[in-house]
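Asks: Quick one: sequence plus predicted model below, questions after.
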Amino acid sequence: MNTKSFSVLAFFGFFFVLLSCKNEKNKNPLVPDTIEIPENMEATDDVEDLQKTYEELLKTGAIDAEQFERYMENIQKMKNGSGESDSDFRKNQLNKYTQKIQEKNSQKSEAQLEAEEKTAKLRKLLGTTDNSFIEENITRYSIWGNREKKETLQQIYDATKEEANTIIANYFEISQKELDLLRPLPAKQKIKTETEARTITKQLLPQPIENYLKSGQASSKFKAMMTSRRNDMLIFSGDVIKASEAARKDFYKKNPGWFGEGAATGNTYRDSRDKFIYLPLGDLSFADRLVKHDLGDPAGSNSNGALGIPDMDEKDFPDGDPKICNIGINGQVTLEFTNNAIADVNGPDLYIFEMGAIEPTNLEISKDGKVWINVGQIKGGTAMVDIAEFTKKGETFTYVRLTDLDTPSQLPGADVDAVAAIGGAIRLNLDSSVLFDTGKFQLKESASNELKKLVAAIEEFPKGHIIIEGHTDNVGNPLSNKTLSENRAKEVSNFLKSQLSNSYNFEVKGFGENQPIAPNDTPKNKQKNRRVEILVVPSK
């Protein structure tokens with residue numbers, strides 16, 4: 001065997017080991033940041049095999065899209081025998097492999113179909129719709145007892161529902177009553193927030209199970225199982241609380257005196273890479289309205305998956321998932337923060353909760369959804385964005401736009417679960433008809449009750465910058481509408497000043513008909529546009 005052939009075989013041997021490790025369930029092999037191509041490999045048919053290997057590595061997630069593109073560059077150097085890479089050739093290769101990956105992912109293997117069929121039957125027999133404690137303990141790989149598990153599973157698949165219950169109870173060595181208590185118990189899931197973790201510490205096991213354990217009727221096996229479960233939940237929740245407290249401490253170290261310091265406010269969220277992000281405004285921090293989704297080609301999907309809190313479970317989703325917005329290759333999604341806004345704090349200001357590898361994505365922000373500020377790319381190991389160099393003090397932004405940068409992966413484009421404003425501002429909206437008579441700017445007598453409700457919401461923040469914006473529909477003269485909207489904003493500002501302490505400063509803006517939130521094509525939509533918006537930006 002010559003030296004070249006040996007190098008090729010050794011190279012592929014390494015990758016096949018890597019692939020087999022990657023495909024083992026619940027394993028996380030360490031993949032080197034760079035994998036060098038042997039220098040003595042020449043441009044031969046072996047290069048085509050290399051390309052196929054990289055395709056498989058990308059498909060399984062053993063390498064990410066950035067590494068894949070770098071390897072394509074190296075292969076091109078091998079093809080032309082120089083240090084120059086042909087970007088057109090590489091782009092064609094990426095497009096070709098993206099298509100191949102999608103085709104392969106759309107074709108489920110017989111093993112996958114069989115596994116899905118068995119899982120569906122098991123859940124039907126158990127009377128569950130999702131992964132449960134029972135399913136997890138019977139199907140999960142462990143160091144010991146796997147042969148017994150396989151035999152038990154095979155018996156269950158061939159059994160009636162009544163027979164299956166007996167088989168499972170015998171396997172766990174518990175009674176039918178105890179099996180019924182276990183049936184609704186979920187599998188151990190990754191705890192996603194600090195609030196969830198603290199709730200778990202107060203109730204480690206469901207109350208019916210706690211009551212049964214106290215009754216003195218529980219079998220020794222059932223007690224042991226629940227003791228283990230209780231200990232697991234205590235450890236898991238404790239780890240999340242510890243990490244959450246560290247994230248909170250880091251935020252207030254950068255922003256001393258900011259809203260919520262020293263109080264049990266806000267929440268900390270865990271992303272798919274086990275990073276913890278503290279948000280002082282909690283669930284109010286997230287973009288919550290889809291403005292537009294250009295699906296790209298190949299097309300993205302599940303546009304609304306990017307809205308609200310991050311809610312994706314820790315699981316594979318090769319065919320997509322409604323909880324995740326898949327932007328699409330060169331796709332673009334525009335989101336709005338309707339009850340909050342993006343504001344600059346010390347450190348990062350936006351966090352993109354993306355599933356899996358962070359794929360190169362361009363990010364822009366806007367006040368009105370028309371004029372955009374490009375704040376750069378999200379890529380590599382971070383999903384945080386600092387907008388400080390693009391903003392003035394006290395400025396807020398309502399819209400964010402994400403554009404995929406032509407990245408091949410199992411699903412086309414970045415997979416976005418949520419977009420959060422880290423510091424953020426609270427947005428409060430009022431229908432002008434509640435506050436003013438048509439064409440007037442003086443407050444109605446009944447308006448004070450509505451505005452006092454806003455006072456209570458504003459006082460949640462001990463101090464801050466309050467921006468009051470007036471808006472109208474497009475009926476009448478544009479200049480008159482602008483004047484009317486500004487006068488209405490001043491009236492609201494004067495009322496709030498009379499009700500609040502002097503720890504707030506005020507800013508008044510009148511936009512007239514220039515920032516509609518709906519087309520001015522129906523009476524209902526015109527009413528939506530006649531409004532007063534109040535932004536409360538917490539301050540130190």
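Replies: Structure's in. What do you need?
Asks: okay, CA-based contacts and neighbour counts for the rest of this
Replies: Will do.
Asks: before we move on, which element is T334 in?
Replies: Assignment of secondary structure by DSSP states H and E places T334 within strand 332-336.
Asks: quick one: average confidence on that strand?
Replies: The pLDDT scores in strand 332-336 average 95.
Asks: any idea which helix or strand comes after that strand?
Replies: Under the assignment DSSP H and E, the closest C-terminal helix or strand after strand 332-336 is strand 340-343.
Asks: Centre of the chain to that following strand, how far?
Replies: Shown here is strand 340-343, whose average C-alpha point lies 18 Å from the average C-alpha point of the whole chain (Cα atoms, centre = their mean, to the nearest Å).
Asks: Stretch 281-296 now?
Replies: The mean C-alpha position of stretch 281-296 is separated from the chain mean by 11 Å, Cα atoms, centre = their mean.
Asks: Need the CA coordinates for it. CSV is fine.
Replies: These are the backbone C-alpha positions of stretch 281-296, laid out as CSV (Å, rounded to 0.1, in the frame of the first residue of the first chain):
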residue,chain,number,x,y,z
LEU,A,281,-38.6,42.2,32.4
GLY,A,282,-39.1,38.4,32.3
ASP,A,283,-41.6,37.2,29.8
LEU,A,284,-42.4,40.7,28.6
SER,A,285,-38.9,40.8,27.0
PHE,A,286,-39.7,38.9,23.8
ALA,A,287,-40.7,39.8,20.3
ASP,A,288,-44.4,38.9,20.1
ARG,A,289,-45.7,39.8,16.6
LEU,A,290,-44.7,38.5,13.2
VAL,A,291,-44.6,41.4,10.7
LYS,A,292,-43.2,39.5,7.6
HIS,A,293,-41.4,36.3,6.7
ASP,A,294,-39.7,36.0,3.3
LEU,A,295,-39.2,32.2,3.2
GLY,A,296,-36.1,32.1,1.1
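Asks: got the buried residues for that stretch?
Replies: Neighbour counts using 16 or more other Cα atoms under 10 Å place 281-290, 293-296 of stretch 281-296 among the buried residues.
Asks: buried residues in stretch 427-440?
Replies: Going by 16+ other Cα under 10 Å, stretch 427-440 has these buried residues: 427-428, 430, 432, 435-436.
Asks: What average pLDDT does the helix or strand I167 falls within get?
Replies: Secondary structure assigned from DSSP H and E places I167 in helix 161-172. What helix 161-172 shows for mean pLDDT is 90.
Asks: next one: stretch 367-384
Replies: 82.
Asks: go on, stretch 499-516?
Replies: Mean predicted confidence for stretch 499-516 is 90.
Asks: And for stretch 249-257?
Replies: Here the average pLDDT along stretch 249-257 is 89.
Asks: do the same with stretch 229-244
Replies: The predicted model assigns stretch 229-244 a mean pLDDT of 95.
Asks: Break down the stretch 151-300 of the chain into its strands, ranges please.
Replies: In chain order, the stretch 151-300 of the chain shows strands spanning 267-270, 276-279, 289-294, 299-301, with DSSP state E, counting those that start in this stretch as the criterion.
Asks: low-scoring pLDDT stretches of the chain, where are they?
Replies: Within the chain, the ranges that satisfy pLDDT under 70 run 1-64, 75-112, 141-146, 313-320, 356-357, 380-382, 406-413, 540.
Asks: domain assignment for it?
Replies: With automatic domain parsing serving as the domain definition, the record reports that the chain contains domains spanning 3-106, 188-272, 286-423, 426-538.
Asks: what's the closest of those domains to L153?
Replies: Using Cα to Cα as the measure, domain 3-106 is the one of the domains of the chain that comes nearest L153, at 17.7 Å.
Asks: just to revisit the earlier point, which among the buried residues of stretch 427-440 gets closest to A414?
Replies: Taking Cα to Cα as the measure, A414 sits nearest to R427 out of the buried residues of stretch 427-440, at 28.5 Å.
Asks: In a strand, that closest one, correct?
Replies: Yes: with DSSP: H, G, I helix; E, B strand; the rest coil as the criterion, R427 is part of a strand.
Asks: Is it correct that it is in contact with P538?
Replies: No: counting by Cα atoms under 8 Å, no contact exists between R427 and P538, whose distance comes to 11.6 Å.
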